Each structure stands twice: as structure tokens, then as C-alpha cells.
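**Student:** sequence first, predicted coordinates after that:
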Amino acid sequence: MKYLLFFFLIFINLNLFSQRDIHERWDFELKKFVNQNGKVDYRNWSKNRNGLKAYISVLEQNHPKEYWSKNQVISYWINTYNALTINLILDNFPLKSIKEIKNPWGEKLIHYKLKSYTLNEIEHEILRKMKEPRIHFAINCASISCPNLSDSAYFSNTLNDQLDNSTKNFLKNKNSINPHEIKISKIFLWFKKDFGNRKMLLDFIEKYSMVKLNSPKIKYLAYDWNLNNIK
């Protein structure tokens, strides 16, 4: 019994190490080309793509396994979504908006032995089904009104704190939250099913904005699809 426990603990530790090792590649790329305000240096990144391509290759060779924890799966797919979005932009750079690309969310961008995935499939068929609404503030669509692209990769052991910070930063910097009126991103409208009814939405916003709401009017902000590029 002791031997079984010993080997089980070794297996778990190796799994955690390999997970972190995978995403440290992405973390290194982000720290080189993304600033603290979430703006991306696409021009220089387009000249140095080997690291990004190597990371995507590693992702394709390390598809999530049944024994992975929920946090491992979520962090894997958030990082994958963001890396694929960056790679798609670089494939078409220079451009002013992701919307200049034909069907950007419907193109097969990552390939495994048995399946290929689009950005839509990763977001709607995988991440949203995890029942974790904070993911909407971690994935990035390469646009001004999107939640900022983090300059750090997401890791399973710090995921909860990272999602909290991403959500708080988005509400603080890209929304207007006041007790009697809130002007919020259309993300809350497009994905309203993920945030529940009006009361649940307001509870969510109140929790992460740390503003006490008093039956506020809800208005939705125009969405700026211009590229989140360092100028």
C-alpha cells in the first residue's frame, strides 16, 4: 500500500511539473511581447515567431487527459485560445482589426490526432461548459474592448487568483460601475446565459467591482474591435 501511494504521489508531481513546464513557454512569450496594459507588440512578435509556434506544437502533443483536474483543463484551454488568437493575427499582420480576417473564429487552428478545433469550439464547446463565467475575462480576442491579454500564462495552481484579478481589472478599467447606473461590456449581453438572471449578474458585478449597487440601470457599451496593438 505504501508503494502504491509513493508511486501515485510521484505521478501527480510529474503531471503538475509537466503542466507548468508546458505553459512556461507561453509565459516567456507573453512577457516579451505584452505590456502591463494588455497591449501587444505584434510587429516585433511577427519577426520572432519560433517560440509561439513551438508552444502551439507542444499544445498539440499534450491534449488534456481524463485525469487532469478542472483547473488544469481550464488553464490549458485559456492559454491555447489566447496563443491561437495571437498566431492568427500574426498570420495576417499587418491589419487593423481581427474582423478583417475571413471567419477568424471558425477556422481550424489546432490539430490533434482525432480532432481539430476552432476558436468558437474552444470557447463555446469547452470553456463555457466548465461553468466558470470568469473565463470571459481571461480569453482575448485581440481587440481594444476585449479583456486585456495577460502578460502571464494561466497556471492551474494559481488559476483562481488569476481569474479573480482578470475579472476585477476588466470591470475597473473597461466598464463604468456606479451604484445607480452601470455601463458594462456587451460581453455580459452576448453571454448573459453564463451570468444568470439580473440579480445574479448584479451580484457578480458587485462582488468583483466592490461597488455596492442600488437597483442600477444597465447600459451596454459600444464594442471597439480595433486591434490591441502597441502603437
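**Tutor:** On my side now, so go ahead.

**Student:** give me phi/psi at the most centrally placed residue in the chain?
**Tutor:** The centre of the chain sits closest to Ile139, judged by C-alpha atoms, centre = their mean, with a distance of 2.2 Å. The phi and psi torsions at Ile139 (degrees, to the nearest 10) take the values phi -90, psi 150.

**Student:** where's it relative to Ser150, distance?
**Tutor:** According to C-beta to C-beta, to the nearest Å, Ile139 stands 10 Å off from Ser150. Just so you know, the C-beta spots here come from the backbone N, C-alpha and C atoms, and that holds for glycine as well.

**Student:** residues in contact with both of those two, list them for me.
**Tutor:** The overlap between the contact sets of Ile139 and Ser150 (C-beta atoms under 8 Å, 6 or more residues apart in numbering) consists of Asn82.

**Student:** how many other residues sit next to Phe93?
**Tutor:** Neighbour count for Phe93, taken as other C-beta atoms under 10 Å: 13.

**Student:** how far away is Leu189 from Lys219?
**Tutor:** Counting by C-beta to C-beta - Leu189 and Lys219 are separated by 10 Å.

**Student:** immediately after the strand or helix carrying Trp77, which helix or strand?
**Tutor:** In this assignment (DSSP states H and E), Trp77 forms part of helix 70-92. For helix 70-92, the succeeding helix or strand toward the C-terminus, using DSSP H and E, is strand 110-111.

**Student:** sheet partners, orientation included, of that following strand?
**Tutor:** strand 116-117 (antiparallel) (DSSP bridges).
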